[in-house]
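Give me a 3D structure for the following:
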Amino acid sequence: MLEDQNHFNYNIALKHLEHFTGGEISFETVTSDWLRKFNEFLKTTNGLRCEKPLSMNSASTYFNIIHSMARHAANGQRIDHCVINNPPINKRVKASPNYLSIVELNKLASTPCNHPRLKNAFLFSCLTGLGWKEIESLKWRDVALANGSWHIRTTNISVPLNGQAMLLLGELGNPECNIFNLHYSAALCANLNKWALHAGILRQITFSSAKLSFAMALLNQGVSIELISELLGHRHVKSTIKLLQS
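The predicted structure follows:
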């Protein structure tokens, strides 16, 4: 649920606050200048378990959480209201899907998830490039054996399945039944990111991340844009280039 996602963000914001303060803070410490310095800290610090700086949106989210806590403290007369007036404003930018490296995908694969079907569906998406809508509607009749190789056949594409993908599917089922039997919800998104957090991935991921991860993995292996575009079911190569540049 959304509460789970909020808890995720609050937990990460708290860890950054502990890093900034060294684990010690008092109400007297929280001044307008302190908030400004914390804001600047978030703009330059790396993620908790990676060497990349926080995105502008992440820095903005974590600062707003701490500023909200300061507002509660001011309302409770713990700190002066002037401290929270005119806070620094970070302009949010449109988020783009994050692709996952091979190392990160291996971490996900080796990390237990409290929703096994979700784990299998996400990793299957990373291996095949199928988007959420295709994953959600995928039926066992779409799995076909042709010329000794297994494929997933949808309306627009036929994607070859390697051994890893077949293991994620498990035993073949009723042709008319959905393979993963998942439905989009806030709880599903929260479970996806809880699993990622347990794997040490401290940024939000979606099934768009999985599709992009598939495309980027092929590109890094030297596969042509034209073939990647075909495997993704894109009508125009421009759509593939736009995805890879996102």
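
so which helix or strand takes in the residue nearest the centre of the chain?
Among the residues of the chain, the one closest to the centroid is residue 205, at 0.8 Å (Cα atoms, centre = their mean). Assessed by DSSP states H and E, residue 205 sits outside every helix and strand.

Quick check: phi and psi on the residue nearest to it when sequence neighbours are not counted?
Nearest residue to residue 205, sequence neighbours excluded (Cβ to Cβ, 6 or more residues apart in numbering): residue 196, at 5.1 Å. No exception for glycine: its C-beta is placed from N, CA and C like everyone else's. Backbone torsions for residue 196, taken as degrees, to the nearest 10, come to phi -60, psi -40.

OK, contacts around the residue nearest to the centre of the chain?
98, 100, 192-193, 196 (Cβ atoms under 8 Å, 6 or more residues apart in numbering).

Low-confidence ranges, this structure, go.
Residue ranges of the chain with pLDDT under 70: 1-7, 49-51, 84, 86-97, 155, 246.

Let's see that with 90 instead.
1-99, 144-149, 151-160, 170, 172, 184-187, 189-190, 202-205, 218-246 (pLDDT under 90).

correct me, but the residue nearest to residue 205 touches residue 98?
No. Applying Cβ atoms under 8 Å as the test, residue 196 and residue 98 come out as separate, 10.0 Å apart.

Now do the shared contacts for these two.
Jointly contacting residue 196 and residue 98 under the rule Cβ under 8 Å, 6+ apart are 203-205.

Take those residues and lay them out in CSV including distance to residue 34.
Below are the shared contacts of residue 196 and residue 98 laid out as CSV (distance: Cβ to Cβ, whole Å):
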residue, distance to residue 34
203, 26
204, 28
205, 33
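
if we can go back for a sec, and which of the contacts of residue 205 is nearest residue 75?
residue 193 (30.5 Å; Cβ to Cβ).

Was I right to think the closest one contacts residue 11?
No. Counting by Cβ under 8 Å, residue 193 does not reach residue 11; the two are 11.3 Å apart.

out of those two, which sits in the more crowded spot?
Neighbour count, other Cβ atoms under 10 Å: between residue 193 and residue 11, residue 193 has more, with 20 against 12.

roughly how far apart are that one and residue 122?
For residue 193, the distance to residue 122 (Cβ to Cβ, to the nearest Å) stands at 11 Å.

Right, I'll call it a day here.
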